[in-house]
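In: Here is my input, please return the structure:
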Amino acid sequence: MTRRRNLLPLTLIHTSAALLATTALTHTLWTGLEERGVALAFGLLVAVGELSRWNGNSTAGLGAAGALSYALLGTNAGHPTHHGVFQVVTVVAAAALVGCVPHIARGQSGTPDHLARRILTVGFAAVCFQPLYNQGVFGHWGGPAYALLLLALLSLTALCDAVLAAALAHSRTRWPFGPLLRDELRGMLGIGSAVCATGAVMALAVAVVGLWALPVFSVPLLLTQLSFRRYAAVRDTYRQTITSLARSTEIAGYTPAGHARRVAALCQAVGRDMGLSEPDLTVLEYAALMHDIGQLSLVDPVPAGATAVLPVAEQRRIALLGGAVVRQTGVSPQVAAVVERQADPCREQPVSARIVRAVNAYEEKTRAGGPGGPLQALEELRLGTAGDYAPEVVEALARVLSRGCLTLPSAG
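Out: Sure thing, here's the model as predicted:
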């Protein structure tokens, strides 16, 4: 069974962005570029912001802030500007494309989605502001009222971007849209709020002092991006440490090569299908990687590391020992709790422990079942939903497997 995806949202978003960019470019070429110095300054800011993205990460705080401030720019050093929606889209699209060239050259994924989101969100902000401003609707707004107006428009734009990001992720992965949108909205509380605030401040500052405000207000956001980059590096190092620790059972010969990695990957897929949040998915991943760590206490390894066939008392002893080891490593107590409770009665387990238990059993049964192992293992899990495995987890596992191929997991 080949993997199928609902490509309609993906196609619609990309087509809309391409049409908007093409229309804007045609209109700008026909009418000419207004205030070329202002357009060049903001275009350079957006391009630098895109270049500052690390590893192709979609978070380009400086580029987003520059694009949004240009969309909400009404005056430059007290002089009214005359650029409209189409020029805003043209400048931002061209600058973003130039800034993404190194990422495209390195073959980093996600660039088309990133560009589509950038074009559509800046177009949304410009449509909400530029026509009304040019008609004098905001002429009598000043002081705090005008600043609040810009923040409100930026908040709506951020919400629009979150919906687009969730729709694209749903289209590519078929994960539930609701949890994806919830995680995107939660992410807005981090660097998203800094981007909105910086975009508003830039637009207000340029209106008063001119383009000199751009480099001044770019520095704090660049420092914020640097902090996020360091935080991401710490998280990657933390994950690598846990992965290395989880491999100790494989090196010692207690579990097959790649078992923990396969269980962790499948647990995350099942967790996403069930709508777990990003923090819960992180706990689930770490617990799945370390779920067999308690086997190091065994004198004689279990054949193929298949703990699902052991007596319940022995499973619980291994789980408790594993949880104690996890607590000694300094990993989150939530991870240790999931490891400890994976052998508890199903109805008493937290959701994460239910997922680890079912996925681990599926992987073990698949490995021992030969060519027909995947289908047979899934059927055995369904037969065990009366007491051993949670029905909702087994059905989520079946949905995840139905999106790919029911094949024997690869070793190593």
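In: count of neighbours near residue 79?
Out: Residue 79 has 11 neighbours, counted by other C-beta atoms under 10 Å. From N, CA and C alone the C-beta is placed, and that goes for glycine too.
In: Please tell me I have it right and residue 17 contacts residue 116.
Out: Yes - the criterion here is C-beta atoms under 8 Å, and residue 17 meets it with residue 116 at 3.8 Å.
In: and residue 72, what pLDDT?
Out: Looking at residue 72, its pLDDT is 92.
In: What helix or strand is the nearest residue in space to it that is not next to it in sequence located in?
Out: Distance criterion C-beta to C-beta, 6 or more residues apart in numbering; nearest residue to residue 72, sequence neighbours excluded, is residue 203 at 4.5 Å. Under the criterion of DSSP states H and E, residue 203 resides in helix 193-209.
In: Ok, residue 163 next?
Out: Here residue 163, judged by DSSP H and E, is contained in helix 144-173.
In: Please apply the same query to residue 182.
Out: Using DSSP H and E, residue 182 sits in helix 177-187.
In: Quick check: buried residues in that helix?
Out: The neighbour-count check on helix 177-187 (16 or more other C-beta atoms under 10 Å) flags 177, 179, 180, 181, 182, 183, 184, 185, 187 as buried.
In: Adding distance to residue 277, write those out as a markdown table.
Out: Output for these, formatted as a markdown table (distance: C-beta to C-beta, whole Å):
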| residue | distance to residue 277 |
| --- | --- |
| 177 | 14 |
| 179 | 7 |
| 180 | 10 |
| 181 | 11 |
| 182 | 7 |
| 183 | 6 |
| 184 | 11 |
| 185 | 11 |
| 187 | 11 |
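In: Name the nearest of these relative to residue 93.
Out: Residue 93 lies nearest to residue 184 out of those, by C-beta to C-beta, at 22.3 Å.
In: Please export the alpha-carbon coordinates of the helix holding residue 182; PDB is fine.
Out: The C-alpha coordinates for helix 177-187 follow below in PDB (Å, rounded to 0.1, in the frame of the first residue of the first chain):
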ATOM      1  CA  PHE A 177      -4.900  19.500  11.600                       C
ATOM      2  CA  GLY A 178      -6.100  20.600  15.100                       C
ATOM      3  CA  PRO A 179      -3.000  19.600  17.100                       C
ATOM      4  CA  LEU A 180      -0.700  21.000  14.400                       C
ATOM      5  CA  LEU A 181      -2.500  24.300  14.600                       C
ATOM      6  CA  ARG A 182      -2.300  24.300  18.400                       C
ATOM      7  CA  ASP A 183       1.400  23.700  18.200                       C
ATOM      8  CA  GLU A 184       1.900  26.500  15.700                       C
ATOM      9  CA  LEU A 185      -0.100  28.900  17.900                       C
ATOM     10  CA  ARG A 186       1.900  27.800  20.900                       C
ATOM     11  CA  GLY A 187       5.100  28.600  18.900                       C
END
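In: Point me to the helix or strand that includes the closest residue to residue 85 other than its chain neighbours.
Out: Counting by C-beta to C-beta, 6+ apart, the nearest residue to residue 85 once its immediate chain neighbours are dropped is residue 126, at 4.3 Å. Assigned by DSSP H and E, residue 126 falls within helix 111-134.
In: circling back to that earlier point, how close does the residue nearest to residue 72 sit to residue 88?
Out: Relative to residue 88, residue 203 is positioned 12 Å away (criterion: C-beta to C-beta, to the nearest Å).
In: Check residue 375 too.
Out: To residue 88, residue 375 is 55 Å away according to C-beta to C-beta.
In: Comparing the two, which residue is more hemmed in?
Out: The neighbour comparison of residue 375 against residue 88 (other C-beta under 10 Å) goes to residue 88, with 27 against 13.
In: Figure out how far stretch 212-222 is from the centre of its chain.
Out: Stretch 212-222 has its C-alpha centroid displaced from the chain centroid by 27 Å (C-alpha atoms, centre = their mean, to the nearest Å).
In: Go ahead and name everything in contact with that stretch.
Out: Applying C-beta atoms under 8 Å, 6 or more residues apart in numbering, the external contacts of stretch 212-222 come out as 41-42, 45, 52, 61-62, 65-66, 194-195, 198, 201-202, 205-206.
In: could you redo the last one with a cut-off of 6 Å?
Out: 45, 61, 62, 65, 198, 201, 202, 205, 206 (C-beta atoms under 6 Å, 6 or more residues apart in numbering).
In: Wait, the residue nearest to residue 85 touches residue 87, no?
Out: No - taking contacts as C-beta atoms under 6 Å, residue 126 lies outside contact range of residue 87: 8.8 Å.
In: hang on, residue 25 packs against residue 88?
Out: No - taking contacts as C-beta under 6 Å, residue 25 lies outside contact range of residue 88: 11.9 Å.
In: Count the neighbours of the residue nearest to residue 72 for me.
Out: 26.
In: which regions of the stretch 301-412 of the chain lie under the pLDDT threshold?
Out: When residues are selected by pLDDT under 70, those of the stretch 301-412 of the chain lie in 304-306, 308-309, 368-372, 404-412.
In: show me where the stretch 1-150 of the chain has helices.
Out: Taking DSSP state H, counting those that start in this stretch, the helices of the stretch 1-150 of the chain run over residues 8-31, 36-51, 61-71, 85-105, 111-134, 144-173.
In: With distance to residue 260 as extra columns, can I get these in a markdown table?
Out: Formatted as a markdown table, the helices of the stretch 1-150 of the chain follow (distance: least, C-beta to C-beta, whole Å):
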| stretch | distance to residue 260 |
| --- | --- |
| helix 8-31 | 33 |
| helix 36-51 | 37 |
| helix 61-71 | 35 |
| helix 85-105 | 32 |
| helix 111-134 | 31 |
| helix 144-173 | 23 |
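In: For the helix holding residue 163, list every residue counted as buried.
Out: Burial within helix 144-173, assessed by neighbour count using 16+ other C-beta under 10 Å, is assigned to 146, 149-151, 153-154, 157-172.
In: what does stretch 258-277 give?
Out: 258-276.
In: remind me which residues of the stretch 101-250 of the chain are low pLDDT?
Out: Those would be 139, if you go by pLDDT under 70 across the stretch 101-250 of the chain.
In: re the thing from before, and among the helices of the stretch 1-150 of the chain, the most buried is which?
Out: Across the helices of the stretch 1-150 of the chain, averaging neighbours per residue (mean count of other C-beta atoms under 10 Å) puts helix 61-71 on top, at a mean of 29.
In: Quick one: list the elements packing against that helix.
Out: On a contact count with 3 or more C-beta pairs under 6 Å, 6 or more residues apart in numbering; DSSP states H and E, helix 61-71 meets helix 36-51, helix 85-105, helix 111-134, helix 193-209, helix 213-246.
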